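Novice: What shape does this take:
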Amino acid sequence: MSDRIEIRESESGVVRVFDVDLTRAEAEAFNRRNGSWPLKDALGAESLDPHYVDMMQIEDLEGYGLSQYLEQGMGVSSHDLEDAHVQIEGLKGTVLVVGSGAFGGEAQVLTPRAPLRLVATFNEDKAPVQFDPLPSAGAQVAPATEDDDTPEPKKKSDAAMSGRVAMIALLVLFVLTAIVVWVAA
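Specialist: Predicted structure coming up:
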């Protein structure tokens, strides 16, 4: 059986759990990258970033559990995990957890084959975006009222005015000098 898993270019926050039908020693060789990467080939992935791929033994999660790992380590919501609790906790031996970052934003189609079997797909639990009021009173915009005395625009300083006058005088002198040189030539 060959499932096709469509990975969109914009995919983010998706976590996939695969059952891996290999012993511990076989799994270590399967996940070894030495010119080729058998795990990548079995997923049917065009590109795969190993930083977002976790292959582990269920017994190594003793006292913690795969559900806890997915919730606390991968950000999967506890509600989603409740729905798949039987599937997740029924896994034995080797499991593979692949996050969306593994595909580097590249659209591709995965065609996982033995020894991999997709068990569940989850979305990371993301907090909704909230726009809290700004903490500083100076950042607040006060509503305008009729009694509101709007401050007058700041007056230009005497130094700024003197600088502008001097600049205009220099430009006039430059133009006059240019005319004299042109007439003399």
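Novice: Checking the spatially most central residue of the chain next. Helix, strand or coil?
Specialist: The C-alpha lying nearest the average C-alpha coordinate of the chain belongs to residue 12 (C-alpha atoms, centre = their mean; 7.3 Å). Three-state call for residue 12 (DSSP: H, G, I helix; E, B strand; the rest coil): coil.
Novice: How about it, nearest residue that isn't a chain neighbour?
Specialist: Leaving out its chain neighbours, the residue that sits closest to residue 12 by C-beta to C-beta, 6 or more residues apart in numbering is residue 100, at 5.0 Å. The C-beta positions use only the backbone N, C-alpha and C, and glycine is treated the same way.
Novice: That neighbour against residue 52, yeah?
Specialist: Yes. Between residue 100 and residue 52 there is a contact under C-beta atoms under 8 Å: 7.4 Å.
Novice: Which one's more surrounded, these two?
Specialist: residue 100 (19 against 16; other C-beta atoms under 10 Å).
Novice: what's the burial count for residue 57?
Specialist: Residue 57: 16 neighbours (other C-beta under 10 Å).
Novice: Model confidence for it, exactly?
Specialist: On pLDDT, residue 57 comes in at 94.
Novice: what number of residues lie near residue 63?
Specialist: 5.
Novice: How about residue 125?
Specialist: That count, for residue 125 with other C-beta under 10 Å as the rule, works out to 15.
Novice: how near is it to residue 15?
Specialist: Noted for residue 125: a distance of 10 Å to residue 15, by C-beta to C-beta, to the nearest Å.
Novice: which residues do these two both contact?
Specialist: 75, 76 (C-beta atoms under 8 Å, 6 or more residues apart in numbering).
Novice: all strands of the protein, in order?
Specialist: 5-7, 14-20, 53-57, 94-99, 108-110, 116-123 (DSSP state E).
Novice: In CSV: those strands, plus distance to residue 163.
Specialist: Output for these, formatted as CSV (distance: least, C-beta to C-beta, whole Å):
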stretch, distance to residue 163
strand 5-7, 61
strand 14-20, 61
strand 53-57, 64
strand 94-99, 60
strand 108-110, 62
strand 116-123, 61
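Novice: nearest to residue 185, of these?
Specialist: Minimum separation from residue 185 across the strands of the chain (C-beta to C-beta) falls at strand 108-110, 73.1 Å.
Novice: so who does the residue nearest to residue 12 touch?
Specialist: Counting by C-beta under 8 Å, 6+ apart, residue 100 has contacts 7, 11, 12, 13, 14, 15, 52.
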